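> Whatever this is, show me its structure:
(one chain, ligands or ions: 1)
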Amino acid sequence: MKNCIIIGGGIIGLCSAFYLQKEGHRVTVIDQSNMDGGASYVNAGYISPSHIIPLSAPGVVKKGIQWMFDPASPFYVKPRADKDFLKWAWAFNKSCNAAHVKKAIPVIRDISVMSHELYEEIQKEKGFDFHFEKKGLLMLCQTEKMLEEEMKLAALAKEAGLEALVMNQKELQGLEPHVKLDVLGGTLYKCDSHTTPHEFMSNMKSHLLSKGVEIHSNEKVIDIESKEMMITGVRTDKKMYRGDEYILSAGSWTAMVARKMGIRLLLQAGKGYRINVPRDTGITYPAILAEAKAAVTPMNGFTRFAGTMEIAGISEVVNQVRIEAIANAASRYYPGVSINEEEKKLASSGLRPLSPDGLPYIGRSGKCKNLTIATGHAMMGWSMATGTGKLVSEIISESKLSMNTDAFHPDRKF
Ligand SMILES: Cc1cc2nc3c(=O)[nH]c(=O)nc-3n(C[C@H](O)[C@H](O)[C@H](O)COP(=O)(O)OP(=O)(O)OC[C@H]3O[C@@H](n4cnc5c(N)ncnc54)[C@H](O)[C@@H]3O)c2cc1C
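Residues are numbered from 1 along each chain as shown. Next comes the predicted model:
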């Protein structure tokens, strides 16, 4: 039994705590926030093994440059003369090639499929009753060009062993009889599920507390004490914590904390937004509005519209121009749906932790013997969380790993 201290109580930190506690370890989670907002609460709730393409893919940089000058675009990179950002941007650009995507597909698929199975397992555990539905995920297209691209992606997913169907307008409308769709066609990934994130987070926190896990919210880790490549303690703004093993799952803030140990992790924050509509929209299928890059999820009691990837540093400020763009996209694809001013005013943001190659960092850094890093999951942190938590627990327990984690090594070169 080891005494484990987890820095960061988002979905990755909590899932790590879940599997570590199951293995019989003593676990403490420290989080600087109230643990009720940010990426792990505002996300679209997709558990989507279908998302096999990493963010760093061919064409992304060109598209990003085109979109940089459009204030309503779904993807925005703020150019900065900051050394960490420039290094990250260089490595990201280098990763945007077909060979990298080919190598990334099987590992992304494996951790996502494993995570999906683990969510299903957790849902059956006593005390868990979070919303979880396996209806699949639609990719809705309004243009021939996008439909062609999505058909190619569906073929790739099929090759990777995932179930994907191409659907015409009539078939799609048949799936959604209570809301009008303005689309040309699309694809359906039957392998995907969706959830209501705050329900899972709340179930998980209650479960962990009931099992004796200590959770300290509103406490920020401000310093790390170490000796001979071993952490001896972490200091928060309230007190000192000492353990045998430390897990760094501080999301977009991870690089700042890692630096205190002399570890330089290439990581940027990718801000996204969500709008909740607590009225009946008629929407029953989760869908990605392919041209607009917006996500739609029928959650428990409301419909969530989410989107935007703003790489502009650590800032949670809500940009109303982009909120307007998400709302407009919703009305373009679902002409009967209109998001009102009050709903837009209540929009919220979250920061996705982005590695330069679109793969998470999961594992021990060679620079510290008792530190395990778990972050960098980008747009797929919700989908990969349970698998990540299990891997973290296996690393610390020194048991056989559920999958090969070489591609996730925190010291990998870009
Ligand atoms: C709009 C949007 C939609 C998304 N949709 C999906 C989706 O449908 N499916 C999917 O798979 N993924 C989705 N994602 C991505 C997913 O939400 C993230 O990858 C995931 O939540 C990241 O979890 P995390 O635990 O690493 O980070 P976080 O949730 O950010 O948690 C990190 C925690 O660390 C804490 N922390 C930071 N620094 C310190 C410190 N010094 N001391 C103590 N605590 C600290 C923070 O307070 C925070 O609570 C979406 C993200 C967004 C923004």
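
> what's residue 380 in contact with, if anything?
Shown in contact with residue 380 (CB atoms under 8 Å, 6 or more residues apart in numbering): 48, 51, 108, 112. From N, CA and C alone the C-beta is placed, and that goes for glycine too.

> and what of residue 272?
39, 42, 43, 306, 307, 308, 309, 310, 349, 350, 351, 352.

> Hmm, the first one is touching residue 13, no?
No. With contacts counted by CB atoms under 8 Å, residue 39 stays clear of residue 13, the gap being 11.8 Å.

> and these two? which has more neighbours close in?
Counted by other CB atoms under 10 Å, residue 39 and residue 13 do not tie: residue 13 has more neighbours, with 30 against 25.

> what residues does the stretch 301-414 of the chain put near the ligand?
306, 350-353, 375, 377-383 (CB under 6 Å from any ligand atom).

> Next, format those residues as TSV and append pLDDT and secondary structure.
Shown next, in TSV, are those (pLDDT from 0 to 100; DSSP: H, G, I helix; E, B strand; the rest coil):
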residue	pLDDT	secondary structure
306	98	strand
350	98	strand
351	98	strand
352	98	strand
353	98	strand
375	98	strand
377	98	strand
378	97	helix
379	96	helix
380	97	helix
381	98	helix
382	98	helix
383	98	helix
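
> quick one: which of these is nearest to the ligand?
residue 381 (1.9 Å; CB to the nearest ligand atom).

> burial of the closest one, as a residue count?
Residue 381 has 25 neighbours, counted by other CB under 10 Å.

> Verify the stated contact: residue 321 with residue 73.
No. In terms of CB under 8 Å, residue 321 does not count as a neighbour of residue 73; the distance is 9.7 Å.

> Give me the more crowded residue out of these two.
residue 73 (20 against 10).

> show me what contacts the residue nearest to the more buried one when sequence neighbours are not counted?
In space, residue 73 comes closest to residue 67 once its chain neighbours are excluded; the distance is 3.7 Å by CB to CB, 6 or more residues apart in numbering. Applying CB under 8 Å, 6+ apart, we find residue 67 in contact with 73, 74, 75, 76.

> list the contacts for the residue nearest to residue 43 when sequence neighbours are not counted?
Of all residues not flanking residue 43 in the chain, residue 382 sits nearest, at 5.0 Å (CB to CB, 6+ apart). Going by CB under 8 Å, 6+ apart, residue 382 touches 11, 40, 43, 44, 45, 46, 47, 195, 197.

> where do the strands sit along the stretch 301-414 of the chain?
Counting by DSSP state E, counting those that start in this stretch, the stretch 301-414 of the chain has these strands, from start to end: 302-311, 348-354, 361-364, 371-375.

> which stretches of the stretch 251-400 of the chain form helices?
254-259, 320-333, 341-345, 381-397 (DSSP state H, counting those that start in this stretch).

> Which among those is found nearest to residue 314?
The minimum distance between residue 314 and the helices of the stretch 251-400 of the chain falls on helix 254-259, with 8.2 Å, by CB to CB.

> buried sites along the closest one?
For helix 254-259, a neighbour-count test (16 or more other CB atoms under 10 Å) marks 254, 255, 257, 258 as buried.

> Please identify which pair of the residues you listed lies farthest apart.
Longest distance between any two of those is 7.5 Å, between 255 and 257; criterion CB to CB.

> Tell me where the stretch 101-250 of the chain has strands.
Shown for the stretch 101-250 of the chain, the strands assigned by DSSP E, counting those that start in this stretch span residues 132-133, 137-141, 164-168, 185-189, 193-195, 214-216, 221-227, 230-236, 240-241, 245-248.

> Direction included, what does the fourth one pair against?
Right, the one you point to is strand 185-189. Here strand 185-189 has these sheet partners by DSSP bridges: strand 137-141 (antiparallel), strand 164-168 (antiparallel).

> For the last one, list every residue counted as buried.
So that's strand 164-168. For strand 164-168, a neighbour-count test (16+ other CB under 10 Å) marks 164, 167 as buried.

> quick check: mean pLDDT across it?
The average pLDDT within strand 164-168 is 96.

> Run through who's touching that strand.
By CB under 8 Å, 6+ apart, strand 164-168 touches 50, 138, 151, 154-155, 157-158, 175, 185-191.

> The first one now?
If you take CB under 8 Å, 6+ apart as the criterion, strand 137-141 is touched by 46, 48, 50, 147, 150, 153-154, 167, 172, 175, 181, 183-189, 192, 194, 285-291, 333.

> rewinding a little: phi first, then psi, for the residue nearest to residue 73.
The phi and psi values for residue 67, taken as degrees, to the nearest 10, are phi -80, psi -10.

> that older thread, can you redo the helices of the stretch 251-400 of the chain as TSV with distance to residue 220?
Formatted as TSV, the helices of the stretch 251-400 of the chain follow (distance: least, CB to CB, whole Å):
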stretch	distance to residue 220
helix 254-259	10
helix 320-333	28
helix 341-345	29
helix 381-397	21
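
> The top helix by length along the chain packs against which elements?
Longest helix in the chain, counting residues (DSSP state H): helix 98-123. Here helix 98-123 touches strand 46-47, strand 132-133, strand 193-195, helix 381-397, going by 3 or more CB pairs under 8 Å, 6 or more residues apart in numbering; DSSP states H and E.

> closest to residue 343 out of these?
Using CB to CB, the helices and strands packed on helix 98-123 put strand 193-195 closest to residue 343, at 19.8 Å.

> The ligand next: which of the contacts of residue 382 are close?
11, 40, 43, 44, 45, 46.

> Reformat these as CSV; add pLDDT and distance to residue 265.
Listed next are those as CSV, based on pLDDT from 0 to 100; distance: CB to CB, whole Å:
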residue, pLDDT, distance to residue 265
11, 98, 19
40, 98, 19
43, 98, 22
44, 98, 26
45, 98, 27
46, 98, 26
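
> Before I go, just wanted to say thanks for your time.
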